[in-house]
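**Q** Pasting a predicted model and its sequence here:
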Amino acid sequence: MIKNIAAVVSGMDEEYPYHIINGINDFARVHDLNVSFFASFGGIIDSKDFDLGEFSIYGLPDISTFDGALLLTNTFANEVVRKLIIEKVKSAGIPTVIFECDDYEEFYNVNINNYSVMKKLVEHLITVHGARVFNFISGPSSNPESQERLRAFRDVLKEHDIEFDSRRFFVGKFRSYDGIKAIEDFVESGLDLPDAFVCANDSMALTAMSKLQRMGYNVPEDVIVTGFDNTFNAQNSYPTLTTVKRPVYDSGYKACQVLYNLMKGENQPKSIPLEAEPVFGQSCGCGEHDLENIKEFKRDVSLRLERTYTNVHMLNRLIAGLAGSKNMTECVDAISQIVGTLEMEKFSLCLIEDWENTYHTLSPADKDASYPEYMTAPLIWDRGRKMSLDRFPSRQLQPIPFGTGGNISYFLPLHFSERILGYLIVTNNDFPIYSMLCHTLTMCIGNAIENVSKFSVLDSLCKIANRNGFTRTSEELFKECINENHTLMVCFIDLDGLKTINDTYGHKEGDFAIQQVASALSGCCRENTDICARFGGDEFVVLCSNVSEGFEKNFEARLYSKIARINASIDKPYQISISYGSVFATPKYGDKLFDIIQEADKIMYAAKREKKAQKDTN
């Protein structure tokens, strides 16, 4: 029987997850395991709305449908998302291996000793190089590895009677740019140059060192810089970086092996410790720049350059192709060319059903948030053969499920800001982990699909405005309310029980129910001053401008009256029911219509939950 593993990771374009993933994949292929990586690039753009779209991918899988899970939650800077994922996996109750974390007794842990090796490195700087004044560039304060490295650093200082200076402490996110920001922060502080900058990873150390060199400082003559991870760039930088070598590939391979044995019912040790070792290079004043294997180095550099040039050329072609796309067919044609260039074995473009009209978001803080029930796949690429699929359940994940094992799939979020569009699946191709352009590619596709959706303003099913039509019309009405100091009302309406109608009586009946709600809403709206729209699959929004006191209750009463008359006139084995939430407000300059819509949405869902609770108690 084929076993399926879910793996959760963030920021796959960094070397640390890259090597772990390679270890996982090598074991999985040999033992015929299917691995599905759910990955995002959150925390990179410094945009909360964008991160909502990125993190939506973690709301896609039902972890309980997998045979086991691998958690690289130490790659997450966002503590809320990390905790939510851990709680979901706990609830699934499947065998789970986590990396670098022994906080959860339910999980098995593969742990590289960060504490002892960081102590060795800092001890070396003090005893061998006489360093006494330190700046520390940390990773996220909520990250367990970051915490251990900082704890080791502070313990060594204490053992040598060196005071920890909080002014010389910078909190980053393990990203390259944090090294530059840390040096800029140090310059602004006006403090004297330290003896050493100790960095919690190589990415930050290398950019910090480069920034210092551009400022005219020599490393290590003027200041020492150290990193952590022994990445390719650290090994081949000048000066070579003093860092820490960790068995990250081995940890990935071992974690998958432990999980495989657990899925077979075999007992495994609860914690598997792996040791790291310091590497003393030129950046602290040790060693010479000596390439052990110049041929291997040149081959690696040549491969990286070739991939980079190819990928940049590919990306330029994709941007040009998508820029002129006015419909999904043209988008698919442009994407297909790139998939072929990258020699992908399998690739799927999966969009939420009714993607042109639906405005769907997922908050990482909402544990009950769910992905839309159905998807469509306008492009399925299978070894050069193009297919499509009109409809499949999102719970299924793959448009066409695998019949074999040994497949490695990467699920990547597809969104425009916080609006969820769907996801991409790259199967049996490592482009998502070796190329920093993968994230750029997903953003280009998301932007193109958003642009295509903007060509449509009318919902084809209900013959009222769709999300885009609402956006265009409502912006003018909203501005008018601000300029004229008019009061407005925003309503958010949800059709109750659509899933039950679809499952019991068929989707034609579900469409009929949606049309009846749209008809009732449009019948309550005034010309020129009001607009109603289908905002999602079973969600509607109404904006009424220039309203007075009492309008809100009158509108609600008329709407429910129309719904009652519809139920009385139709001969159906079900009743059409809605949940309703509204906000009455006089907007000011700086206010955002979307914030008011979200508030109405919250009120509606509170009413919906209360209605469900009453139904359950009866």
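**A** Here it is on my side, so go on.
**Q** Quick check: pLDDT value at the nearest residue to Ser146 once chain neighbours are set aside.
**A** Spatial nearest neighbour of Ser146, excluding adjacent residues (CB to CB, 6 or more residues apart in numbering): Gly139 at 3.3 Å. To be clear about C-beta, it is placed using only N, CA and C from the backbone, and glycine gets the same treatment. Gly139 is assigned a pLDDT of 92 by the prediction.
**Q** quick one, what contacts Gly139?
**A** 77, 145-146, 149, 171-174, 200-201, 204 (CB atoms under 8 Å, 6 or more residues apart in numbering).
**Q** ok, which stretches of the stretch 401-550 of the chain are helices?
**A** Assigned by DSSP state H, counting those that start in this stretch, the helices in the stretch 401-550 of the chain fall at 431-434, 438-453, 467-484, 498-505, 507-524.
**Q** Could you dump the ones you listed into JSON lines with distance to Ile597, mean pLDDT and mean neighbour count added?
**A** As requested, those are exported to JSON lines (distance: least, CB to CB, whole Å; pLDDT from 0 to 100; neighbours: other CB atoms under 10 Å):
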{"stretch": "helix 431-434", "distance to Ile597": "34", "mean pLDDT": "86", "mean neighbour count": "21"}
{"stretch": "helix 438-453", "distance to Ile597": "18", "mean pLDDT": "86", "mean neighbour count": "20"}
{"stretch": "helix 467-484", "distance to Ile597": "9", "mean pLDDT": "88", "mean neighbour count": "17"}
{"stretch": "helix 498-505", "distance to Ile597": "20", "mean pLDDT": "92", "mean neighbour count": "16"}
{"stretch": "helix 507-524", "distance to Ile597": "15", "mean pLDDT": "93", "mean neighbour count": "19"}
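**Q** Take these and lay them out in a markdown table including distance to Ile576.
**A** Below are these laid out as a markdown table (distance: least, CB to CB, whole Å):
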| stretch | distance to Ile576 |
| --- | --- |
| helix 431-434 | 44 |
| helix 438-453 | 28 |
| helix 467-484 | 22 |
| helix 498-505 | 9 |
| helix 507-524 | 5 |
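**Q** In this structure Phe347 contacts Leu379, no?
**A** Yes. Using CB atoms under 8 Å, Phe347 is in contact with Leu379, at 7.3 Å.
**Q** Now do Glu79: how many residues are near it, please.
**A** Per other CB atoms under 10 Å, the neighbour tally for Glu79 reads 13.
**Q** Over to the one 3 residues further on?
**A** Arg82 is surrounded by 24 other residues when neighbours are defined as other CB under 10 Å.
**Q** now the helix or strand containing it, how far from the chain's geometric center?
**A** Secondary structure from DSSP states H and E places Arg82 in helix 79-92. The chain centre lies 14 Å from the centre of helix 79-92; the measure is CA atoms, centre = their mean, to the nearest Å.
**Q** Could you list every helix and strand in contact with the helix or strand that that helix is followed by?
**A** Using DSSP H and E, the helix or strand that directly follows helix 79-92 along the chain is strand 96-99. Strand 96-99 sits against strand 68-71, strand 108-112, helix 248-263, with contacts defined as 3 or more CB pairs under 8 Å, 6 or more residues apart in numbering; DSSP states H and E.
**Q** Quick check: which of these is nearest to Lys592?
**A** When these are compared by CB to CB, strand 68-71 sits nearest Lys592, at 36.0 Å.
**Q** Pull the distance from the closest one to the chain's centre.
**A** 17 Å.
**Q** Can you tell me the strand partners of that strand and which way each runs?
**A** Strand 68-71 sits in its sheet next to strand 4-10 (parallel), strand 96-99 (parallel), going by DSSP bridges.
**Q** same question for the first one, mean pLDDT?
**A** Rounded to a whole number, the mean pLDDT of strand 4-10 is 96.
**Q** could you give the mean pLDDT of the next helix or strand after that strand?
**A** Scanning forward in sequence from strand 4-10 by DSSP H and E, the next helix or strand is helix 15-30. What helix 15-30 shows for mean pLDDT is 93.
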